[in-house]
Every structure is written in structure tokens, then in C-alpha cells.
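> Here's my sequence, what's the structure:
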Amino acid sequence: GDFIKFEFNLDDLSYEVPESTMANDMKVLINSDTFSDITFVVEGFEIRAHKIMLIRSSYFRAMLTGCMIEAGQPVIYIEEVSYDIFLKVLEYLYTDQVEVVFEDAMDLFAAADLFDVPRLKAICEKTMLEKICIENAASIFHAADAHSAVVLREKSLHYILKHFEPISKTSDFEEMARSNVDLVVEILRNR
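The predicted structure follows:
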């Protein structure tokens, strides 16, 4: 028969290592029954999870190790965040990465604050700062204040002071003034 001849150079020491598949392998486990050992209910929907992945968050670590009332319960209800945002938090905890779009950044930031995931908070802060503009600066400043995001708060305050006139006429600024007049006082003091 015909033989296929392979030619290779033994002096060539280069070797390509395949890319890591860990993030994708772990992403498949999000909301999967495979080896899952905990169930969350968010907005009426069940989400299956794995305790070993959740302990990256000190909030969940406390919840699962007996420091909180939920420890030992087979189903845990999450009221504070939406279904989609909770899945994004899980994606980050499982894979150490998540795509943060500006429209979700504020809610995801609040969830990362609630569940104590500092790096995810920083990713959200970066996304918001990259998209700060006249229309949204006041709401970003307001959220940063509410969630004790020091860097985001300082940078959005600086942006507001730099562009005060047009920002003060936006609906976001009016909303911030209605719900937290102290922030407006702080802005005016710094002008």
C-alpha cells in the first residue's frame, strides 16, 4: 500500500501549547445540574450552582459555612438582584471573566458590592468611567456614593465639576437632587 511520509525537523524546538479551556469548561457548569449542590431562586427562576465556586465571594462563603441563616438550606432566595445580573455574577465567580456592557454596569456593580466581589466591582467601575457623559454623570456619581465606590465617586465628581452647567440641566441630575440633596450640596461646595 501507499505510505504517507511525515516530514519534520528535529532541530526545530518550537512547540505550540493549546489555549486554556478552563474558563469555557467552567462556564458550561453555570446553572447546570452536573454536580450542582445548591439552588438559588431569582425572580421565580431556579438557578443551579456549585458551592465550591461560590466561596470566591466572602458573602457566599459566610452564607454557606454557617454564619448566615441560609446555611444548610437546599434552596436560597435572592431578592436583591435580577436573574440576568445574578447569572453574570456567577459567570464571573466561575470563570474570572464576564463581559460588562454599560447598560448592565450599574446593576452588576451593585450586585458585586452586595456579594463582595471586589475585582468585578472594579471591572464595572472601569466600564462606567469609559462611558461617562453629560447625560449619565449624575446617576454614576449617585450610584458610586450609594455603594461606596471611592474611585468612581471621585472621578465622576471631577467630571461633574468640569461640566457642571450642562449636567445640572439633565434629568439624571434632577433625580439625584430629589433623592440625595447632600450630593448636590457637595457638588456646589466644590465648584
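> This structure: strands as residue ranges?
38-42, 45-49, 75-78 (DSSP state E).
> how about those strands in TSV, adding distance to Thr95?
Heads up, the C-betas are built off the backbone N, CA and C, glycines and all. Shown next, in TSV, are the strands of the chain (distance: least, C-beta to C-beta, whole Å):
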stretch	distance to Thr95
strand 38-42	18
strand 45-49	13
strand 75-78	20
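> Same list (these) but as CSV, adding distance to Val117, mean neighbour count and mean pLDDT.
Shown next, in CSV, are the strands of the chain (distance: least, C-beta to C-beta, whole Å; neighbours: other C-beta atoms under 10 Å; pLDDT from 0 to 100):
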stretch, distance to Val117, mean neighbour count, mean pLDDT
strand 38-42, 15, 18, 96
strand 45-49, 14, 16, 97
strand 75-78, 14, 15, 93
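> buried stuff in the helix or strand of the chain with the lowest mean pLDDT?
When the helices and strands of the chain are scored by mean pLDDT, DSSP states H and E, helix 58-64 comes last with a mean of 91. Neighbour-count burial for helix 58-64 flags Phe60, Met63, Leu64 (criterion: 16 or more other C-beta atoms under 10 Å).
> what about this protein, any weak spots by pLDDT?
Within the chain, the segments meeting pLDDT under 70 span 1-2, 5-6, 67-72.
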